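In: Got a predicted structure here, sequence first:
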There are 2 protein chains.
Amino acid sequence: MSSTAGRLRAAKDTAPTLAEVARLAKVSPGTASKALSGQGKLRAETRQRVREAAAALGFQPNPYARGLVRGRTFTVGLITDDRFGRFSIPVLLGAEDALGAGEMALIFCDSRDDPIRQRHYVSMLVTRRVDGLIVTGRVTDVRPPIEVPPSIPVVYAVIRSANESDISVTYDDEAGGRVAVDHLIAMGRRRIAHVTGPRHHFAASARFRGWEGAVADAGLPSVRPDLAFGAWSEEWGRQAAVVLAAEVADLDGVFCGSDQVARGVIDGLREAGRRVPHDVAVVGFDNWDVMATGRRPMLTSVDPDLHSVGRVAAEHLLAAIDGHPRPGLHLIAPRLIVRESTAATPPVGRR
Amino acid sequence: MSSTAGRLRAAKDTAPTLAEVARLAKVSPGTASKALSGQGKLRAETRQRVREAAAALGFQPNPYARGLVRGRTFTVGLITDDRFGRFSIPVLLGAEDALGAGEMALIFCDSRDDPIRQRHYVSMLVTRRVDGLIVTGRVTDVRPPIEVPPSIPVVYAVIRSANESDISVTYDDEAGGRVAVDHLIAMGRRRIAHVTGPRHHFAASARFRGWEGAVADAGLPSVRPDLAFGAWSEEWGRQAAVVLAAEVADLDGVFCGSDQVARGVIDGLREAGRRVPHDVAVVGFDNWDVMATGRRPMLTSVDPDLHSVGRVAAEHLLAAIDGHPRPGLHLIAPRLIVRESTAATPPVGRR
DNA sequence: GCTCCCGATGAAAACGATTGATTTCTTGTC
DNA sequence: GACAAGAAATCAATCGTTTTCATCGGGAGC
């Protein structure tokens, strides 16, 4: 049946219009419109007849005609600056899930950290009369809001708008840090260090606070907080681990600010003769598949659940488009994915 | 000036129309349209006056009205199944570059390897009357063509359509293999092995052919071709390297089918006591930033230039939309990015 | 001075769907 | 059987642009 409609359409090589449906159902175009949209007062029998005619022709309303008269386009724009897609893609997929149900399409724009490009994309999207905008990026930093006409709803995902009355959806870095440290503590670890990115990164300092808080709440010491901040690189992880191994004799856990740092930390610990997880358990952050599972031991990691961030952001956007915005910061709770790098070998071994 | 226009628009909160521009320029809407589009015979002075009026009002033609009458939407769809975006994103960015100039927007759809989802997206894009479609994916495999009305041009990027009269743009795996091996030979290496993914992957066997051919052309032996095929994983690279190191005494080069495999190979060689690049030079494939530059030695790697694949695919699509399709397979030549893992230390050391 | 032609402009008809106003058709009531 | 009320269908305007066709001057050619 769908293939029949396809052949019919192919035969005339132009999509069927509402007028043709109406002719086939022997009603006026206006009636056909009401029948298909569920508006107005119609006899059930008529409605059914129009539906059948539309199905027979494989009718799909022309979104441009509809957009023209209704002022809505059923399109949302997504702007990101995340050149590698590492973070935007999961967000995008989550958003797609939420929007797909409503038959909304997603226009993707990557500004590549270029303000000129970003302005160009924003104006392109405004020109296209998108129903709403999702702005996302690489880091959970606070950003000045983008400039769009107030009639277009905007939701910030992962990044946060500096304007509190904007809608921002992101994950909770600090809670992620606590989850990681609590897990290490639950696995019996007592000397837990932290190695992460640069201090001035919002994410790094938030995760640091999570570590600091969780360790303090458990009555444990902060192990070498002076070694925590560095860079988001394997190399920094390796260097920090070498120093930790040399100077902290009873080190038995490291919470890392990213999976890349965690890789470097594992390398550095190995170089120093410490076994992972036997001597030292390691937790990463991001749960970046290739990094976390690419090598043994596979890495226990905090998953920021970007898919949910994207989905929730899209849901808030749909609500805002429908006139029910819920302003403020909405936080998604990260969850821990437990793998080999925090396996419970030491308690067993010591027993 | 742009901020003035912005304020004007914000004041009435509705975009200026062509009719308003026409009124300001004291011409009819029809004339204004011709003036701005460059069509028809107009006095230069009139044309200029309309242009100024449009600029003053910040006029942007409504793409829906335009799409309605012209039958074009200035939108193209991009369908991918590459869940992680590792390969689609560079392609997407390249396509954006080529399309952005023409003011075309890009609707992004990820089918997640789900045929149902793919059909849904295709029909959604057809319904939206996209001007064209780019189909891309994770691997350079041959695929059955997707089903769309013949009126919509389709270009396959990275993946290839089984139908020879379709337009496919991808990179040349075999040439990539040759480039890698030729470089190793140029650096003085003579015993060059190959470690790559599963034999049934198109990319793996094509890269293998490149290695085999280049080695043979140089009059060198194929080192342990039985060890070439395995998996796209670090673990496989490590295992293969351990065996190679143990059984091929004068091994001095390894060409790897991916950067992940290359990482594993470097680990395995190290475990076996071989230094990289001093004893054995290693080349990867993909030039995946985090993999290639994340750890020392940084990896020499074949860059498939996906950005160009995307750009060229979009250019072919634009040509096809304009009625000048160039069917067939278009290959982008990969290029080699030289880094530390093939540095010229051995010749220097031996001198 | 008249026609003819050409360049410049305007008027109006699309494009395809939506929607409020209007007409037509049912019913039910007296 | 006439009439009103209400349901059901149609009409016509609308959205903003493009494009075709007609019109209007004005200059050239006779």
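Out: Thanks, I have the structure now. Residues are numbered from 1 along each chain as shown, chains lettered A, B, ... in the order given.
In: you'd agree A:Gly213 is up against A:Glu174?
Out: Yes - taking contacts as Cβ atoms under 8 Å, A:Gly213 lies within contact range of A:Glu174: 7.3 Å. Quick note: C-beta positions are derived from backbone N, CA and C, even for glycine.
In: Which one's more surrounded, those two?
Out: Neighbour totals were compared for A:Gly213 and A:Glu174, and A:Glu174 leads with 20 against 15 (other Cβ atoms under 10 Å in any protein chain shown).
In: how close does A:Ile89 get to DNA strand C?
Out: Relative to DNA strand C, A:Ile89 is positioned 33 Å away (Cβ to the nearest atom of the strand, to the nearest Å).
In: again but with A:Ala249, I slipped
Out: A:Ala249 is 73 Å from DNA strand C, by Cβ to the nearest atom of the strand.
In: Likewise for A:Ala54?
Out: In this view, A:Ala54 and DNA strand C are 10 Å apart by Cβ to the nearest atom of the strand.
In: State the number of residues packed around the nearest residue to that residue once chain neighbours are set aside.
Out: Distances taken as Cβ to Cβ, 6 or more residues apart in numbering or on different chains place A:Val21 nearest to A:Ala54, at 4.9 Å, with adjacent residues excluded. Residues lying near A:Val21 (other Cβ under 10 Å) number 25.
In: tell me which residues in the helix or strand encompassing A:Val21 are buried?
Out: If you go by DSSP states H and E, A:Val21 is part of helix A:18-25. For helix A:18-25, burial by neighbour count (16 or more other Cβ atoms under 10 Å in any protein chain shown) applies to A:18, A:20-22, A:24-25.
In: same thing with stretch A:333-348?
Out: Residues of stretch A:333-348 classed as buried: A:334, A:336-337, A:339-343, A:345-346 (neighbour count, 16+ other Cβ under 10 Å).
In: between the residues you listed, which is nearest DNA strand D?
Out: Minimum distance to DNA strand D across these is 45.1 Å, recorded for A:Pro334 (Cβ to the nearest atom of the strand).
In: Now do stretch A:33-45: distance from first to last residue.
Out: 15 Å (Cα to Cα, to the nearest Å).
In: Give me the mean pLDDT for that stretch.
Out: Mean pLDDT, stretch A:33-45: 88.
In: do that stretch and DNA strand D meet at all?
Out: Yes - against DNA strand D, stretch A:33-45 shows contacts by Cβ under 7 Å from any atom of the strand at A:34, A:40-43, A:45.
In: Among the residues you listed, name the ones in strands.
Out: Of the residues of stretch A:33-45 next to DNA strand D, none are assigned to strands by DSSP state E.
In: following the host helix or strand of A:Leu184, which helix or strand comes up?
Out: Following DSSP H and E, one finds A:Leu184 within helix A:173-186. Counting by DSSP H and E, the next helix or strand C-terminal to helix A:173-186 is strand A:192-195.
In: pLDDT score assigned to A:Gly326?
Out: Check again: residue A:326 is Arg, not Gly. 96.
In: From the buried residues of helix A:18-25, pick the one nearest A:Arg119.
Out: A:Leu18 (38.2 Å; Cβ to Cβ).
In: Please look at that closest one and A:Gln60 and confirm they touch.
Out: No - at 10.1 Å, A:Leu18 does not count as touching A:Gln60 under the criterion of Cβ under 8 Å.
In: Run through the residues that contact the closest residue in space to A:Met298 that isn't next to it in sequence.
Out: Distance criterion Cβ to Cβ, 6+ apart; nearest residue to A:Met298, sequence neighbours excluded, is A:Arg339 at 4.1 Å. If you count contacts by Cβ atoms under 8 Å, 6 or more residues apart in numbering or on different chains, A:Arg339 has them with A:292-293, A:297-301.
In: A:Leu42 - how many residues pack around it?
Out: Residues near A:Leu42, counting by other Cβ under 10 Å: 15.
In: which of the residues of stretch A:33-45 next to DNA strand D has the most neighbours?
Out: Ranked by neighbour count (other Cβ under 10 Å), the residues of stretch A:33-45 next to DNA strand D have A:Lys34 at the top, with 18 neighbours.
In: Leaving out sequence neighbours, find the closest residue to it.
Out: In space, and not counting its chain neighbours, A:Lys34 is closest to A:Gly40: 3.8 Å by Cβ to Cβ, 6+ apart.
In: And for A:Ala320?
Out: A:Pro153 (3.6 Å).
In: Let me see the backbone angles for the one you found.
Out: Phi and psi for A:Pro153, reported as degrees, to the nearest 10, are phi -70, psi 140.
In: what's the answer for the one 3 residues further on, then?
Out: Listed backbone geometry of A:Tyr156 is phi -90, psi 130, with angles given as degrees, to the nearest 10.
In: And for A:Val283?
Out: Torsion angles, degrees, to the nearest 10, at A:Val283: phi -120, psi 140.
In: Enumerate the beta-bridge partners assigned to it.
Out: Beta-bridge partners recorded for A:Val283 (DSSP bridges): A:Phe255, A:Thr300.
In: Thought A:Gly257 was touching it, still the case?
Out: No - if you go by Cβ under 8 Å, A:Val283 and A:Gly257 don't touch, sitting 10.2 Å apart.
In: just checking, A:Met124 touches B:Ala105?
Out: Yes - the pair A:Met124 / B:Ala105 is scored as a contact, 6.7 Å apart, by Cβ under 8 Å.
In: And those two? Which one has more around it.
Out: The neighbour comparison of A:Met124 against B:Ala105 (other Cβ under 10 Å) goes to B:Ala105, with 26 against 19.
In: Please save the CA atoms from stretch A:281-294 in CSV.
Out: Coordinates of the C-alpha atoms in stretch A:281-294 are reproduced here as CSV (Å, rounded to 0.1, in the frame of the first residue of the first chain):
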residue,chain,number,x,y,z
ALA,A,281,41.4,2.0,42.4
VAL,A,282,40.7,4.6,39.7
VAL,A,283,37.5,6.3,38.6
GLY,A,284,37.2,8.5,35.5
PHE,A,285,34.6,11.0,34.4
ASP,A,286,32.6,11.2,31.1
ASN,A,287,32.2,7.5,30.5
TRP,A,288,33.6,8.1,27.0
ASP,A,289,33.3,4.7,25.5
VAL,A,290,36.5,4.4,23.6
MET,A,291,38.5,5.7,26.5
ALA,A,292,36.8,3.8,29.2
THR,A,293,36.5,0.3,27.6
GLY,A,294,39.4,0.5,25.1
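In: what's the residue of the stretch 251-351 of chain A found nearest DNA strand C sitting at in phi/psi?
Out: The nearest approach of the stretch 251-351 of chain A to DNA strand C comes at A:Asp322, 14.5 Å away (Cβ to the nearest atom of the strand). A:Asp322 adopts backbone torsions of phi -80, psi 0, taken as degrees, to the nearest 10.
In: Report how many residues lie close to it.
Out: 10.
In: For A:His194, grab the count of nearby residues.
Out: Other residues close to A:His194 by other Cβ under 10 Å number 29.
In: right, and it touches A:Phe229 too?
Out: No - if you go by Cβ under 8 Å, A:His194 and A:Phe229 don't touch, sitting 9.0 Å apart.
In: Mutual contacts of those two, please.
Out: Joint contacts of A:His194 and A:Phe229 (Cβ under 8 Å, 6+ apart) are A:Phe208.
In: Counting neighbours, what do you get for A:Pro145?
Out: Count around A:Pro145 with other Cβ under 10 Å applied: 15.
In: got the contact list for it?
Out: So A:Pro145 contacts A:154, A:156, A:161-163, A:166 (Cβ under 8 Å, 6+ apart).
In: quick one: the strands in chain A?
Out: Counting by DSSP E, the strands of chain A are A:75-80, A:105-110, A:132-136, A:142-143, A:154-157, A:160-161, A:167-171, A:192-195, A:253-256, A:281-285, A:300-303, A:328-332, A:335-337.
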